[in-house]
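K.L.:
here is the input, now give the coordinates:
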Amino acid sequence: MATIIHKRLYNHFSISLLRFLLPAFILFVPQPVTSQGKPKEAIQGKVQEAPVRRKVEILHSDAMEFDRMAYRSRKKLLGHVSLKHNDLYMTCDSAWYYDDTNQVFAFSNIHIQQGDTIHIYGRY
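P.N.:
Alright, predicted model coming up:
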């Protein structure tokens with residue numbers, strides 16, 4: 001009879017100890033839980049950053065008019081307009097430039113050049 005009580009206490013003690021130690025082990029031993037490994041660039045210390053959004057630069061225009069509509073403002077660029085955005089250059093006869101959205105609407109004899117190989121021409 002004493003051995004049966006001893007086995008029941010031992011089993012009860014083992015189960016309660018296991019119930020206490022398992023959550024404590026999980027909480028106090030931090031392990032990263034990810035579905036995938038680290039990117040190769042992160043391992044080598046070469047993490048690529050997202051490209052920075054830059055504003056369109058007005059390089060040249062013969063004349064500029066400022067126009068304000070109900071909720072937006074725009075610059076009317078007139079005559080031999082040259083613009084730059086990152087590594088893209090654009091020339092045209094006239095353009096509308098919206099500051100708030102960084103948008104350009106180009107008109108007449110449009111030439112867009114990016115790098116050495118991309119040349120786009122248009123007449124709008």
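K.L.:
the longest strand along the chain: which residues count as buried?
P.N.:
Criterion DSSP state E: the longest strand present in the chain is strand 73-85. Residues R74, K75, L77, V81, S82, L83, H85 are the ones in strand 73-85 that count as buried (16 or more other Cβ atoms under 10 Å). In this view, the C-beta of every residue, glycine as well, is placed from N, C-alpha and C.
K.L.:
ok, of the residues you listed, which one's closest to W96?
P.N.:
Closest to W96 out of the buried residues of strand 73-85 is R74 (5.1 Å), distances taken as Cβ to Cβ.
K.L.:
correct me, but the closest one touches W96?
P.N.:
Yes - R74 is in contact with W96 according to Cβ atoms under 8 Å; the separation is 5.1 Å.
K.L.:
hang on, the earlier thing: can I get the buried residues of strand 73-85 in JSON lines including pLDDT and distance to D100?
P.N.:
JSON lines is the format used below for the buried residues of strand 73-85 (pLDDT from 0 to 100; distance: Cβ to Cβ, whole Å):
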{"residue": "R74", "pLDDT": "91", "distance to D100": "9"}
{"residue": "K75", "pLDDT": "92", "distance to D100": "11"}
{"residue": "L77", "pLDDT": "95", "distance to D100": "16"}
{"residue": "V81", "pLDDT": "96", "distance to D100": "19"}
{"residue": "S82", "pLDDT": "96", "distance to D100": "22"}
{"residue": "L83", "pLDDT": "95", "distance to D100": "17"}
{"residue": "H85", "pLDDT": "92", "distance to D100": "16"}
